[in-house]
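K.L.:
what's the 3D shape of this:
(one chain, ligands or ions: 2)
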Amino acid sequence: MINLADRAVGISPSPTLSIDAKAKKMIAEGKNVVNFGVGEPDFDTPNHIKQVAIEAIEKGMTKYTPVAGTEALKNAIVNKLKNDNELEYQPAQIVVSAGAKHSLYNAFQVLCQEGDEVILLAPYWVSYMEQIKLTGAVPVVIQTKAVNGFKVTPQELTEKITDRTKLIIINSPSNPTGGVYSGEELAALGQILVKHGIAIISDEIYEKLVYDEVKHISIASLSKELKDLTVVINGVSKAYAMTGWRIGYAAAPQKIAKAMADLQSHSTSNPTSIAQAASVAALEGTQKPLWEMLEEFAKRRNYMLERLSSIPGLSCTKPGGAFYLFPDISSFIGLEYKGQKIEGAKDLADLLLDVAHVAVVPGVAFGDDNYLRLSYATSMERIVEGMDRIQNLLAEIK
Ligand code: PMP
Ligand code: GLU
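P.N.:
Numbers count the residues shown, from 1 in each chain. Ligands and ions are numbered 1, 2, ... in the order given. A predicted model of the protein is given here:
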């Protein structure tokens, strides 16, 4: 039997995608599963975007494009960054990839190596940990606190910086907590990062999904020094319900962007030509479907938060963005369901799926096993049903 490379042995599959696959398999078997697992908008891709893709096929836009993306898409991204984020980039500083996950992978690969330390703020999105490890760098985890809205404080950050610290990943709005950093908070962190010359990957994939008065700010927009240290990551998956189209992008100092494009030229080459054409329409066309989706997400968030908060033993901070709730379930740990002991969030998530047929992601996937992540990217009707089931099951835990 051929041995796998060490690199492959160490990789664990994406837990969010695994739970989604399990839930979908149960649904295919005829089980009535409520899926709060995966973070994927339940809305369809808006029609005007689909039409542009159909036209792209008909016009023969079915060939290789430049590796880092078409001029039309790069220009649309440059304009978007300018208008939405007050960021000025040249098209040569933009690299379009097969999803933001791919953009992140490229960024970690060209920036990090053995001997480097990368600061990872927990709770963190599942793929950061594996992508950091794949470079040979060491993830240095900072456990953020619910009382701080799961945001790192300048002091917590300073304590973990060493002369090996190469990079920090900031994800605002955050998956899984929904935490959103204010401009002041980013400026305070930015001062420390500039002082130590630490690179920043700023994952802004949920930037459009912010609620109430919350505003998304890109750390790169705060100063020239910060922009020079930052790789901004974004994409069309979440804002335009385009998860399957696989288009993400990075904006970075030219040297970094060129390295990312060169790396990509030996792996996937360009992202799909048709999806690129559709993404131009997403960025440049009407934003009305996005506003409608956002309005619906806001209603669901409020409802789900109210339901969760009414369950004895659960507490949940109000997220400013994304489409997740992240309740603290620690008071259930050590208790039993019909003689079955709950050792951690993983056991509770398994019970919820197996007994109540509700898919959720245990916090352990995000580096904190006292929590569950519930995605509200599913219809209000299913949310009502799912919350009833969760409430009933938790009432049986003694
Ligand atoms: N970053 C975060 C925080 C995410 O939740 C996701 C979800 N898939 C991604 C990046 C990747 O998005 P995609 O590859 O679909 O563009
Ligand atoms: N980002 C989504 C989530 O966290 C999609 C799944 C994934 O890409 O891992 O559920």
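
K.L.:
Centroid-nearest residue for this protein?
P.N.:
Asn175 (4.8 Å; CA atoms, centre = their mean).

K.L.:
Contacts only, for that residue.
P.N.:
By CB atoms under 8 Å, 6 or more residues apart in numbering, the contact list for Asn175 reads Gly39, Trp125, Ile205, Tyr206, Ala322, Tyr324. Using the backbone N, CA and C atoms, a C-beta is placed for each residue, glycine as well.

K.L.:
ok, now with 6 Å
P.N.:
Asn175 makes contact with Trp125, Ala322, according to CB atoms under 6 Å, 6 or more residues apart in numbering.

K.L.:
where do the helices sit along the stretch 1-150 of the chain?
P.N.:
6-9, 15-28, 47-58, 71-85, 100-111, 126-134 (DSSP state H, counting those that start in this stretch).

K.L.:
Mean pLDDT, distance to ligand 2 and mean neighbour count added to those helices, as TSV?
P.N.:
As requested, the helices of the stretch 1-150 of the chain are exported to TSV (pLDDT from 0 to 100; distance: least, CB to the nearest ligand atom, whole Å; neighbours: other CB atoms under 10 Å):
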stretch	mean pLDDT	distance to ligand 2	mean neighbour count
helix 6-9	90	18	9
helix 15-28	89	4	16
helix 47-58	98	20	15
helix 71-85	98	20	18
helix 100-111	98	6	24
helix 126-134	95	6	20
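
K.L.:
Could you check how many residues crowd around the closest residue to ligand 2 within the stretch 251-398 of the chain?
P.N.:
Per CB to the nearest ligand atom, Ser375 is where the stretch 251-398 of the chain lies closest to ligand 2, at 6.5 Å. For Ser375, the neighbour count with other CB atoms under 10 Å is 26.

K.L.:
so how many other residues sit close to the closest residue to Gln143 other than its chain neighbours?
P.N.:
Distances taken as CB to CB, 6 or more residues apart in numbering put Ala122 closest to Gln143, at 5.0 Å, once the chain neighbours are dropped. If you count neighbours by other CB under 10 Å, Ala122 ends up with 18.

K.L.:
ok, Ala122 to Arg382 distance?
P.N.:
Distance of Ala122 to Arg382, computed by CB to CB, to the nearest Å: 29 Å.

K.L.:
Please apply the same query to Glu296.
P.N.:
For Glu296 relative to Arg382 (CB to CB), the value is 13 Å.

K.L.:
Which among the helices of the stretch 1-150 of the chain is found nearest to ligand 1?
P.N.:
For the helices of the stretch 1-150 of the chain, the distance to ligand 1 is smallest for helix 100-111, at 3.4 Å, taking CB to the nearest ligand atom.

K.L.:
Pull the CA coordinates from that closest one and hand them back as PDB.
P.N.:
Only the C-alpha atoms of helix 100-111 are listed here, as PDB (Å, rounded to 0.1, in the frame of the first residue of the first chain):
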ATOM      1  CA  ALA A 100     -12.700  32.900  -1.600                       C
ATOM      2  CA  LYS A 101     -11.500  29.600  -0.100                       C
ATOM      3  CA  HIS A 102      -9.100  29.300  -3.000                       C
ATOM      4  CA  SER A 103      -8.000  32.900  -2.700                       C
ATOM      5  CA  LEU A 104      -7.300  32.300   1.000                       C
ATOM      6  CA  TYR A 105      -5.300  29.100   0.100                       C
ATOM      7  CA  ASN A 106      -3.200  31.000  -2.500                       C
ATOM      8  CA  ALA A 107      -2.600  33.800   0.000                       C
ATOM      9  CA  PHE A 108      -1.400  31.500   2.800                       C
ATOM     10  CA  GLN A 109       0.700  29.600   0.300                       C
ATOM     11  CA  VAL A 110       2.600  32.600  -1.000                       C
ATOM     12  CA  LEU A 111       3.000  34.300   2.400                       C
END
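
K.L.:
ok, it near ligand 1 or not?
P.N.:
Yes. Using CB under 6 Å from any ligand atom, helix 100-111 reaches ligand 1 at Ala100, Lys101.

K.L.:
just to revisit the earlier point, for the residue of the stretch 251-398 of the chain closest to ligand 2, which residues are in contact?
P.N.:
With contacts defined as CB under 6 Å, 6+ apart, Ser375 is in contact with Phe36, Gly39, Phe323, Tyr324.

K.L.:
Might you specify the subset of the residues you listed located within strands?
P.N.:
Tyr324 (DSSP state E).

K.L.:
which among the contacts of Ser375 gets closest to Ile2?
P.N.:
Nearest to Ile2 among the contacts of Ser375, counting by CB to CB, is Gly39 at 35.4 Å.

K.L.:
Quick check on the residue nearest to that closest one when sequence neighbours are not counted: phi, psi?
P.N.:
Ranked by CB to CB, 6+ apart and with sequence neighbours excluded, the top spatial neighbour of Gly39 is Ser375, at 4.9 Å. With angles defined as degrees, to the nearest 10, Ser375 sits at phi -90, psi 130.

K.L.:
Near ligand 1, which residues of the stretch 101-250 of the chain are found?
P.N.:
Proximity of the stretch 101-250 of the chain to ligand 1, by CB under 6 Å from any ligand atom, involves residues Lys101, Trp125, Asn171, Asn175, Asp203, Ile205, Gly235, Ser237, Thr243, Gly248.

K.L.:
if I look at whichever residue of the chain sits closest to ligand 2, how far off is Asn83?
P.N.:
Here the chain gets closest to ligand 2 at one residue, Gly39, 3.2 Å apart by CB to the nearest ligand atom. Going from Gly39 to Asn83 by CB to CB gives 26 Å.
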